[in-house]
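> this one's sequence-less:
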């Protein structure tokens, strides 16, 4: 909008000219501030506003935006560095775990040779020692497999395909022998989703396996439900197990966190892997549970 | 007891409070911040004192300077800090300092010097 003012009026009313000049100056300052906000919103933190020497509220906003830009830039730089370190650590964990597999397999082989060669009596100390070595190596193999599963997610380029969740649940429960230890009830019609097949198998396997592993009932009951939301599905897997105390519910998704110490074969990797897989795909997982009333794990899958 | 730089005046008040005041239009950079910590430390003889810091005349404080003032080196010279903010710019710098940089020692913002002193004298 442009307002033309008669010069004779300005001559008679010089304050009007001054106000008009101030208005245009303030408009420019506010325009600069708007530009700055736009650049911050676009994550461009290189712009710096030059406050006037008025030390007024507009200058204060300019100084505030400069500081906000500096803080955000510093946080972005720190996050980038942390991401790089995390990436290197995950690669290191993957390589180390991979390199440990070969000597561990050799130990297992040697134990078998020793068993054949020595043919120890079942009550002998040698037999007991060989059994302990076998158990320990099995635990170590599980740990290494867990670390490999957890760390390979970040490194791999994930190929997605259409997969039927019914098929995945059927496949996991049959191949892992879950059906011999639990009854699985699928309440709703499970959808076909776009996801990496191997990753979804890992998610389902870990959740079903956890329900069975920690069950305190004669028959573990697992129920699978699906809720259709506008842009995603919520898949819930619930069990009739002992439940998880409220204070432990946040910790269970952390790597190497073991909440139930009565299970020595637990490595504390499974749920961390599940969360890692889902979060890599920008999905969410959460848990709802009360002691003695079972547990419900719910995760989202985009349509 | 008093010391001065080009931009900052350091005074030990009778109540054993370190008072810091800046000249008009002061721009605080990391170098100025470190110099301020050094002089302040010498003045309090490296025994932390309550500090009354008037930010009113400060028109800019760089990111690394704010981090320095919030960090362990500067925390050695004061036990608690009342920041006086009587201009819009000082107010925003003070709020940013508290919110984003989080100083290690108790720090509060005041628009009134007397209120700040009263808080500093509280045990």
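Arrived safely, thanks for sending. None of the values given here were measured: they were computed from a predicted structure.
> Help me confirm that residue A:294 comes into contact with residue A:243.
Yes. At 5.8 Å, residue A:294 counts as touching residue A:243 under the criterion of C-beta atoms under 8 Å. In this view, the C-beta of every residue, glycine as well, is placed from N, C-alpha and C.
> Give the burial count for the residue lying closest to residue A:283 once chain neighbours are set aside, as a bare number.
Nearest residue to residue A:283 in three dimensions, chain neighbours excluded: residue A:300, at 4.8 Å (C-beta to C-beta, 6 or more residues apart in numbering or on different chains). Using other C-beta atoms under 10 Å in any protein chain shown, residue A:300 has 18 other residues around it.
> where's residue A:41 relative to residue A:78, distance?
20 Å (C-beta to C-beta, to the nearest Å).
> Tell me, how many residues neighbour the closest residue to residue A:221 other than its chain neighbours?
In space, and not counting its chain neighbours, residue A:221 is closest to residue A:240: 4.4 Å by C-beta to C-beta, 6+ apart. Using other C-beta under 10 Å, residue A:240 has 19 neighbouring residues.
> got the residues of the stretch 51-200 of chain A near chain B?
By C-beta under 8 Å from any C-beta of the partner chain, the part of the stretch 51-200 of chain A that sits against chain B consists of A:51, A:53, A:55-57, A:59-61, A:63-64, A:66-68, A:70-71, A:74.
> try 7 Å this time
A:51, A:55-57, A:59-60, A:63-64, A:67, A:70-71, A:74 (C-beta under 7 Å from any C-beta of the partner chain).
> and the residues you listed, which of them are in strands?
If you go by DSSP state E, those have nothing in strands.
> With pLDDT as extra columns, can I get the residues you listed in TSV?
As requested, these are exported to TSV (pLDDT from 0 to 100):
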residue	pLDDT
A:51	88
A:55	84
A:56	89
A:57	91
A:59	92
A:60	92
A:63	93
A:64	93
A:67	93
A:70	91
A:71	90
A:74	89
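> Any of those buried? List them.
Burial by neighbour count, 16 or more other C-beta atoms under 10 Å in any protein chain shown: within those this picks out A:51, A:55-56, A:59-60, A:63-64, A:67, A:70-71.
> in chain A, which spans are strands?
Under DSSP E, chain A gives strands at A:161-164, A:182-186, A:192-195, A:220-228, A:232-239, A:285-289, A:295-302.
> can you check chain B too?
B:2-4, B:8-13, B:17-22, B:26-28, B:49-54, B:58-61, B:78-84, B:107-110.
> now for the last one, which elements pack on it?
So the one you mean is strand B:107-110. strand B:78-84 (3 or more C-beta pairs under 7 Å, 6 or more residues apart in numbering or on different chains; DSSP states H and E).
> If you count neighbours, what's buried in the strand it packs on?
Here strand B:78-84 shows B:78, B:80-84 as buried, counting by 16+ other C-beta under 10 Å.
> Equivalent analysis for stretch A:43-54, please.
So for stretch A:43-54, counting by 16+ other C-beta under 10 Å, buried means A:45, A:49, A:51.
> ok, so of these, who is nearest residue A:89?
residue A:45 (27.1 Å; C-beta to C-beta).
> how close does the closest one get to residue A:65?
11 Å.
> got it, and residue A:243?
49 Å.
> same question, residue B:41
Residue B:41 is 33 Å from residue A:65, by C-beta to C-beta.
> Format the buried ones among the residues of the stretch 51-200 of chain A next to chain B as a markdown table; extra columns: distance to residue A:90.
Converted to a markdown table, these look like this (distance: C-beta to C-beta, whole Å):
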| residue | distance to residue A:90 |
| --- | --- |
| A:51 | 44 |
| A:55 | 50 |
| A:56 | 51 |
| A:59 | 46 |
| A:60 | 44 |
| A:63 | 41 |
| A:64 | 38 |
| A:67 | 34 |
| A:70 | 31 |
| A:71 | 28 |
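> wait, which of those residues is closest to residue A:256?
When these are compared against residue A:256 (criterion: C-beta to C-beta), the nearest one is residue A:71, at 32.9 Å.
> Surely that closest one touches residue B:102?
No. Counting by C-beta atoms under 7 Å, residue A:71 stays clear of residue B:102, with 11.5 Å between them.
> What pLDDT does the model give residue A:19?
Residue A:19 carries a pLDDT value of 56.
> now do residue A:28
86.
> That one: how many residues sit nearby?
10.
> Next one: it from residue B:118, what distance?
43 Å.
> Any idea how many residues pack against the residue lying closest to residue A:248 once chain neighbours are set aside?
Computed as C-beta to C-beta, 6+ apart, the closest residue to residue A:248 that is not its neighbour in sequence is residue A:259, at 4.4 Å. Residue A:259 is flanked by 17 other residues according to other C-beta under 10 Å.
> shared neighbours of residue A:294 and residue A:243, anything?
Taking C-beta atoms under 7 Å, 6 or more residues apart in numbering or on different chains as the contact criterion, no residue touches both residue A:294 and residue A:243.
> Please list all residues in contact with residue 104.
Chain wasn't specified; assuming chain A. A:137, A:140-141, A:144.
> Hmm, no, I was thinking of chain B.
Counted by C-beta under 7 Å, 6+ apart, residue B:104 has contacts B:70, B:72, B:75.
> sorry, back to before: could you work out the most separated pair of the contacts of residue A:104?
A:137 and A:144 (10.2 Å).
> What about the residue nearest to residue B:68 when sequence neighbours are not counted, how many residues nearby?
Nearest residue to residue B:68, sequence neighbours excluded (C-beta to C-beta, 6+ apart): residue B:33, at 4.5 Å. Residues lying near residue B:33 (other C-beta under 10 Å) number 22.
> tell me which residues of the lengthiest helix in chain B are tucked away?
When chain B is parsed with DSSP state H, its longest helix is helix B:30-43. Using 16+ other C-beta under 10 Å as the test for burial, helix B:30-43 gives B:30, B:32-34, B:36-37, B:39-41, B:43.
> ok, now stretch A:30-37?
A:32-33, A:36.
> Ok, stretch A:293-303 next?
Buried-residue list, stretch A:293-303, by 16+ other C-beta under 10 Å: A:294-301.
> And for stretch A:165-185?
A:165, A:168-169, A:172-173, A:176, A:178, A:181-182, A:184.
> quick one, what contacts residue A:294?
A:238-241, A:243.
> residues in contact with residue B:57?
B:22-26.
> How many residues are close by residue B:94?
For residue B:94, using other C-beta under 10 Å, the count is 23.
> what's near enough to touch it?
B:55, B:83, B:85, B:109.
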